[in-house]
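Provide a 3D model corresponding to the input given below.
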Amino acid sequence: MSTDTAVLTRPPARGSVGDRLDRMPITPMHRRLTAVVGVGLFFDTFENNLSGTISKVLQHDFALTGTSLKLILASAFLGQFLGSLLLGRFADRFGRRRAFLLNLALYSGFSLAGAFSPNAAWLIATRFLAGIGIGAEQALSDCYLADVLPKSKRGRYIAWAYTIAFCGVPAVGFAALWLVPLTPLGVSGWRWLFVLGSLGSAVVWVLRRQLIESPRWLAAVGRHAEAEQLVAKLEGTTQVAALTPDTAVLTRPKVREVFRAPYRRRTTMLWIFCILSVVGYYGFGTMAPQLLAAKGYGVVTGLGFSALCFLGYPVGSALAVPVMDRIERKVLVALSASAMALAGLGFAYAGSAALVVVLGFGYTLASNIFSTVSHVYLSEQYPTAIRAAASGAAYSLSKLSAAALPFVLIPVLQSYGAGSLFLLIAAAMAVLAVNVLTLGHRTTGTSVN
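The predicted structure follows:
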């Protein structure tokens, strides 16, 4: 018997929890859950782009050497690598809701501590510890929304969540442009950026206390009565008839089964994908201020250009909404990755301020169509019982890759220039597209077990 069919000792009944969730229309509760997850992701993207956005300011205030700057840029991603691994397993064992509350509490506390950094070492340590908290945010959000949304609308509503989320990127850009030149209450402006991120995530923690647990996860761990109660609550505002709950005896798959058929091929694809995806995605966000400085723009001017370029992030996610459930996911991944490669090369060679902003905007727009469809695709690969841990393990590799980026990309920029930097990024995107098209499977409109 294959692993796909071994998840249950018999095929799911017509009235199983998963079947009933997939048959539902979108309800007000679905919209509320999507919005709460999206607001949490907003502060995740705010956090992920914070250090890179103010890297030149930190370099000046702490008199950073090349190594110290790279460690500050890498520290949060190293923490996120660990957090993705640990909190993904935590979510599969103790529930999605508990994992959500834990990761936000860790992030909020240590991000606030980072605002009071007296030196680079303190900042590196707090960024690492905050990273542990925020590391699983995106993978957990993907899994949770895949669990609760009907299959025909899954892509569209995850795209809406990420449209909210990626407003965090221009938000940090414009907040930095506003605060960095100032010293409110005698405190350096960049420190207030950490305070804003911390307070925002604390508000989201309160909102997430009201989230329901994933009915699919409850059913997967044998808590059928609770799963039935939540599905019935969702059905209460729809015309879908409540059917007989699934009472199948579960034989839960283990995470190690991702290395066996039928998951081995998709695991190989996902791991290659996650390692390469951040080269294009975080490579731009992390390196844009450094690249603009190399082109001769000052710190404040560079922050202004970065903020304008970053407006493409939410626009790209919004453009992904109407096409997400109409174009096969892996095809959309490949198309958007190719667009990133072309826009990046144009940005590298742009000779005027207008071209810098236009091509930077085009790059971030394409990258967020890419990112949004990538999150949907990642959430559709594994069954509910191991979804968070298996997806978290794959996603953790993206954090490890992101942590290595400053040590690879900064020397390339310094030694060979912007053209070589974006040639490297374009090559990574080309390999990623071939990988997904050849090894990936079709997921649009399919049910998640």
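
ok, and the closest non-adjacent residue to residue 426?
Excluding the flanking residues, the one nearest residue 426 by CB to CB, 6 or more residues apart in numbering is residue 341, at 3.7 Å. All C-beta atoms are positioned from the backbone trio N, CA, C, and that covers glycine.

tell me the contacts of the one you found?
By CB atoms under 8 Å, 6 or more residues apart in numbering, the contact set of residue 341 is 280, 425-426, 429-430.

can we see that at 7 Å?
Shown in contact with residue 341 (CB atoms under 7 Å, 6 or more residues apart in numbering): 426, 429-430.

just the CA trace of the one helix or strand it maps to, in CSV.
For residue 341, the element it lies in under DSSP states H and E is helix 329-349. C-alpha atoms of helix 329-349 as CSV (Å, rounded to 0.1, in the frame of the first residue of the first chain):
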residue,chain,number,x,y,z
ARG,A,329,0.8,26.5,-9.6
LYS,A,330,4.1,25.1,-10.8
VAL,A,331,3.7,26.9,-14.2
LEU,A,332,3.0,30.2,-12.4
VAL,A,333,6.1,29.6,-10.2
ALA,A,334,8.3,29.2,-13.3
LEU,A,335,6.9,32.2,-15.1
SER,A,336,7.3,34.5,-12.2
ALA,A,337,10.8,33.3,-11.5
SER,A,338,11.8,34.0,-15.1
ALA,A,339,10.3,37.5,-14.8
MET,A,340,12.4,38.1,-11.7
ALA,A,341,15.6,37.2,-13.5
LEU,A,342,14.9,39.6,-16.3
ALA,A,343,13.9,42.5,-14.1
GLY,A,344,16.9,41.9,-11.8
LEU,A,345,19.3,42.2,-14.7
GLY,A,346,17.7,45.4,-15.8
PHE,A,347,17.9,46.8,-12.3
ALA,A,348,21.6,46.0,-12.1
TYR,A,349,22.4,47.9,-15.3
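
quick one: mean pLDDT over the host helix or strand of residue 47.
Residue 47 is located in helix 28-48, with elements delineated by DSSP H and E. In this model, helix 28-48 carries a mean pLDDT of 90.

put the alpha carbons of that helix into CSV.
What follows is helix 28-48, C-alpha atoms only, in CSV (Å, rounded to 0.1, in the frame of the first residue of the first chain):
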residue,chain,number,x,y,z
PRO,A,28,-17.4,35.1,7.1
MET,A,29,-15.3,32.9,9.4
HIS,A,30,-13.0,31.9,6.6
ARG,A,31,-12.5,35.6,5.8
ARG,A,32,-11.8,36.4,9.5
LEU,A,33,-9.3,33.6,9.8
THR,A,34,-7.6,34.7,6.6
ALA,A,35,-7.4,38.3,7.8
VAL,A,36,-5.9,37.4,11.2
VAL,A,37,-3.3,35.2,9.6
GLY,A,38,-2.5,37.9,7.0
VAL,A,39,-1.9,40.5,9.7
GLY,A,40,0.5,38.2,11.5
LEU,A,41,2.3,37.7,8.2
PHE,A,42,2.4,41.5,7.8
PHE,A,43,4.8,41.7,10.8
ASP,A,44,6.7,38.6,9.5
THR,A,45,7.6,40.4,6.3
PHE,A,46,8.2,43.6,8.3
GLU,A,47,10.7,41.7,10.4
ASN,A,48,12.4,39.8,7.5
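
tell me which other helices or strands that helix touches.
helix 96-114, helix 137-148, helix 154-165, helix 168-179, helix 189-208 (3 or more CB pairs under 7 Å, 6 or more residues apart in numbering; DSSP states H and E).

from the contacts of residue 341, keep the buried residues only.
Neighbour-count burial (16 or more other CB atoms under 10 Å) applied to these gives 426, 429.

so which of the contacts of residue 341 sits lowest on pLDDT?
Among the contacts of residue 341, residue 426 has the lowest pLDDT, at 89.

ok, the residue positioned nearest the centre of the chain - contacts?
In the chain, the residue lying closest to the centroid (CA atoms, centre = their mean) is residue 138, at 3.9 Å. Taking CB under 7 Å, 6+ apart as the contact definition, residue 138 lies against 41, 44, 375, 395.
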